[in-house]
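**Q** Model the following, please.
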Amino acid sequence: MKRILLTAALLILLIPMAANAKTTLYADILATPAQYVGKAVTVTGMFAYSEPMRESFTINQDNSMIEVFYKDLSPEEKAYILALKQYSKTSITATGVVQRFANSANTFFLNATSLEGVRTTGAVTAAALPQTSVVPFTEITSSPAKYIGKTITLRGEFAYAESVRESFTIEQNRIMIEVFYKDLSKADRERILAQKKLSKTPVLVTGTLQRFANSADTFFMNASAISW
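**A** Got it, this is the predicted structure:
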């Protein structure tokens, strides 16, 4: 199966999908690449899976896989993408400029500029994120092997921040988990550090769960996105 690579930069809040968008087929790009390379196109596909180590997710368009790199997305956008269930088949449409890989004559990627069916705003609320993907703390403690090394979303209340460790701690039903924020945006880091200790501000965090090396029963998260 073929791949198109996408890199997107936008802020999102879900709205109804536009029905009249003219989309480009991957087969058309393969057939007449000169017509598309360097031009803006729109592609649509179903969400397949995300790969946090690559900072990407992949959509499926008629059995052609289109990889979308999300490193330039806002924290809210990353939270939305990473909270989607693998192979959920959520419809995603992206617009951007087609480019050809330097090491291959027959593979192409897209530098995305927008997602259709998405409205530009300053932030996305926690309610806009897929709630079914939120993992209870008790699930992590009871079956850690299921979640270690995986991207998950946690809901909790803000407890306190530790600037020296570049982390903050959230609480859910008296269970505490440390969240490292070094990969979050400057604005998000500043908001975390501005929170009052034990403010109990509701927070939704997405990131990769890890186990502390010196303890079999304590865990932490490397956050990739946060929503208040």
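
**Q** switch to C-alpha atoms for all contacts and neighbour counts from now on
**A** Fine.

**Q** The nearest residue to Phe101 once chain neighbours are set aside and Tyr26: what is the separation?
**A** Leaving aside its sequence neighbours, Phe101 sits nearest to Phe108 (Cα to Cα, 6 or more residues apart in numbering; 5.6 Å). Per Cα to Cα, to the nearest Å, Phe108 is found 9 Å from Tyr26.

**Q** now do Arg189
**A** From Arg189 to Tyr26 the distance is 39 Å (Cα to Cα).

**Q** do the same with Ala161
**A** In terms of Cα to Cα, Ala161 sits 46 Å off from Tyr26.

**Q** ok, now Glu157?
**A** Taking Cα to Cα, one finds Glu157 at 44 Å from Tyr26.

**Q** Can you show me the helices along this structure?
**A** Assigned by DSSP state H, the helices in the chain fall at 26-31, 33-36, 75-83, 137-142, 186-194.

**Q** before we move on, back to that, who has more neighbours out of Arg189 and Tyr26?
**A** Between Arg189 and Tyr26, Tyr26 has the larger neighbour count (other Cα atoms under 10 Å), namely 21 against 18.

**Q** Could you report the pLDDT at that one?
**A** pLDDT recorded at Tyr26 is 87.

**Q** was I right about it contacting Ser64?
**A** Yes - using Cα atoms under 8 Å, Tyr26 is in contact with Ser64, at 7.1 Å.

**Q** so Asn222 bridges to which residues?
**A** Beta-bridge pairing for Asn222 (DSSP bridges): Phe180, Thr208.

**Q** Please shift the residue numbers so they start at 759 in all later answers.
**A** In the new count, where the first residue is 759, that last one comes out as Asn980.
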